[in-house]
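Chemist: Need coordinates for the below:
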Amino acid sequence: HRIMELIFGWVEADRGCIMLVDPDTKKLVPKVRRTRGGARTEDRITISQTILDYVTQRKEGVLTSDARDDDRWNPAASILKAGVREAICVPLQGRYDVVGIIYIDTSVTPREMLQHGTVNKFTEDHLKLMVAIAHQAALAVEDTRYYSAMVQAERLAAVGQTIATLSHHIKNILQGIRGGSYLIEMGLSQHDESVVSKGWKIVEKNQNKISALVMDMLTFSKEREPDLRPADLNEVVGDVIELIESRAEEENVRLEWRPAEEMPQLVFDPEGLHRAVLNVVTNAIDATAEREEGGRCVEIASAYLAGEGKARITVVDNGLGITADQMSKLFSPFVSYKKGRGTGLGLPVSQKILNEHGGRILVESEPGQGSRFVLEIPAVSPGTGQHRVGKDEG
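Modeler: Numbers count the residues shown, from 1 in each chain. Down below sits the predicted model:
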């Protein structure tokens with residue numbers, strides 16, 4: 001529209017139109033049309049196919065000052081039938097091909113010709129100006145399409161990466177379920193309850209994995225408002241500790257849970273925060289399990305910072321720590337440093353949940369010394385929607 005406004009400001013055209021080549025059909029499609037006040041045209045503009053074919057095939061601009069006397073158009077041409085007297089049509093010539101055309105024209109009645117003579121409105125200078133405008137416009141169109149294509153390619157690549165990552169993890173989970181099912185069948189056939197029990201534990205473990213994967217995918221992919229309601233933060237974190245204890249025991253990792261002595265009821269999404277804390281604690285256990293036997297420990301603590309209007313959960317491990325390169329990609333989806341065991345969604349999901357609460361995750365780590373994750377949310381009082389601010393209890 002801006003291009004048409006500029007052209008109508010410089011050239012005394014009655015009608016104008018910009019058409020772009022559809023990338024799929026390769027046909028010209030009208031994008032912008034304009035008429036000057038007083039021009040005898042309907043909202044729909046009919047453009048001569050003759051002149052469009054001439055410009056697109058020859059890839060050069062054309063100026064006709066009197067269509068009826070122009071040798072380039074035969075008597076049956078549509079440009080004459082349309083009553084066009086003067087016209088300029090130029091190709092939108094980009095770096096590689098024609099991406100469209102710009103067309104303007106004038107028309108006069110026999111009475112106007114008798115009254116005003118045959119003074120032409122279009123000149124060669126107008127044609128040169130139109131060619132220059134069309135070239136710049138074509139470059140802009142090409143850049144826009146190139147950018148759109150790049151965005152689409154990146155989206156497809158991201159989808160491909162997602163599918164490949166998920167397929168890998170689902171395949172591993174299914175293999176685990178098959179292994180557990182085999183043990184269950186063998187135990188049943190041999191009437192050995194210990195083998196059945198072992199097989200069932202494997203199946204249950206992998207069921208939990210697929211459930212966690214689905215929940216992380218849903219949480220990460222959906223824009224959602226947290227389900228805010230009054231809840232006990234210590235109770236939510238305690239449920240996480242109870243749920244994860246068996247896994248910690250399997251990895252010979254000691255869990256130390258220190259709930260805040262003073263923790264009022266706060267308004268937050270209990271299920272969302274449960275998942276956020278679970279992902280961080282699970283990562284801490286996995287990181288600590290990479291240490292040699294002995295001294296493996298993950299400490300979890302909660303705190304109510306009344307003076308700052310915040311509630312805080314701290315998770316500290318004595319694992320191998322996080323390098324500077326790993327830290328820069330820590331919250332990138334599908335980036336995992338667990339040697340094929342992780343999906344790379346745990347921390348991005350936790351960060352998303354904290355962000356939805358208006359909170360944040362802070363990370364401190366030293367390679368070889370372990371890591372410290374701090375999850376903070378606003379301390380919102382039930383029934384007020386306001387942050388709790390008062391004398392700091394701790």
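Chemist: And the contacts of stretch 280-291?
Modeler: Contacts to stretch 280-291, defined as CB atoms under 8 Å, 6 or more residues apart in numbering, come from residues 240-241, 244, 247-248, 251-253, 296-298, 300, 315-321, 338, 341-342, 346-347, 350, 361, 370-371, 373, 375. Quick note: C-beta positions are derived from backbone N, CA and C, even for glycine.
Chemist: Quick check: phi and psi at Lys201.
Modeler: Main-chain torsions, Lys201, degrees, to the nearest 10: phi -60, psi -40.
Chemist: Nearest residue to it in space, please, no chain neighbours.
Modeler: Leaving aside its chain neighbours, Lys201 sits nearest to Gly180 (7.4 Å; criterion: CB to CB, 6 or more residues apart in numbering).
Chemist: any chance you could map the helices in the stretch 101-250 of the chain?
Modeler: 110-116, 124-189, 193-221, 233-250 (DSSP state H, counting those that start in this stretch).
Chemist: Lowest average pLDDT across the ones you listed?
Modeler: Here the lowest mean pLDDT among the helices of the stretch 101-250 of the chain goes to helix 110-116, at a mean of 53.
Chemist: residue contacts, the residue nearest to Lys201?
Modeler: By CB under 8 Å, 6+ apart, the contact list for Gly180 reads 199-206.
Chemist: go with 7 Å
Modeler: Shown in contact with Gly180 (CB atoms under 7 Å, 6 or more residues apart in numbering): 199-200, 202-203, 206.
Chemist: Just the buried residues of those.
Modeler: If you count burial by 16 or more other CB atoms under 10 Å, the buried members of these come out as 199, 202-203, 206.
Chemist: Show me which of those residues is closest to Glu5.
Modeler: Nearest to Glu5 among those: Asn206, at 64.2 Å, using CB to CB.
Chemist: close enough to count as contact, the closest one and Gly176?
Modeler: Yes. With contact defined as CB atoms under 7 Å, Asn206 and Gly176 form a contacting pair (3.8 Å).
Chemist: if we can go back for a sec, from Ser365, how far out is the residue nearest to Lys201?
Modeler: Counting by CB to CB, to the nearest Å, the gap from Gly180 to Ser365 is 35 Å.
Chemist: next one: Leu305
Modeler: 23 Å.
Chemist: Looking at those two, which has the bigger crowd around it?
Modeler: Ser365 (21 against 17; other CB atoms under 10 Å).
Chemist: Strands of the stretch 1-150 of the chain, residue ranges please.
Modeler: For the stretch 1-150 of the chain, the strands defined by DSSP state E, counting those that start in this stretch occupy 15-21, 28-35, 62-64, 86-93, 98-106.
Chemist: Which secondary structure elements does the third one sit against?
Modeler: Translated: strand 62-64. When contacts are defined as 3 or more CB pairs under 7 Å, 6 or more residues apart in numbering; DSSP states H and E, strand 62-64 sits against helix 49-58, strand 86-93.
Chemist: Save the ones you listed as a markdown table, and put in distance to Glu225 too.
Modeler: Compiled in a markdown table, the helices and strands packed on strand 62-64 are given as follows (distance: least, CB to CB, whole Å):
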| stretch | distance to Glu225 |
| --- | --- |
| helix 49-58 | 52 |
| strand 86-93 | 45 |
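Chemist: Tell me the gap between stretch 97-110 and the middle of its chain.
Modeler: In terms of CA atoms, centre = their mean, to the nearest Å, the centre of stretch 97-110 is set 40 Å apart from its chain centre.
Chemist: Output it as PDB, restricted to C-alpha atoms.
Modeler: This file holds the C-alpha atoms of stretch 97-110, laid out as PDB (Å, rounded to 0.1, in the frame of the first residue of the first chain):
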ATOM      1  CA  ASP A  97      13.400 -14.100 -11.100                       C
ATOM      2  CA  VAL A  98      10.300 -12.000 -11.600                       C
ATOM      3  CA  VAL A  99       8.200 -12.000  -8.400                       C
ATOM      4  CA  GLY A 100       5.400  -9.800  -9.700                       C
ATOM      5  CA  ILE A 101       4.400  -6.700 -11.500                       C
ATOM      6  CA  ILE A 102       3.400  -3.100 -10.900                       C
ATOM      7  CA  TYR A 103       0.800  -1.700 -13.300                       C
ATOM      8  CA  ILE A 104      -0.700   1.800 -13.700                       C
ATOM      9  CA  ASP A 105      -2.800   3.300 -16.500                       C
ATOM     10  CA  THR A 106      -5.000   6.100 -17.600                       C
ATOM     11  CA  SER A 107      -8.200   6.200 -19.700                       C
ATOM     12  CA  VAL A 108     -10.000   9.000 -21.400                       C
ATOM     13  CA  THR A 109     -13.300   9.400 -23.200                       C
ATOM     14  CA  PRO A 110     -13.600  10.800 -26.700                       C
END
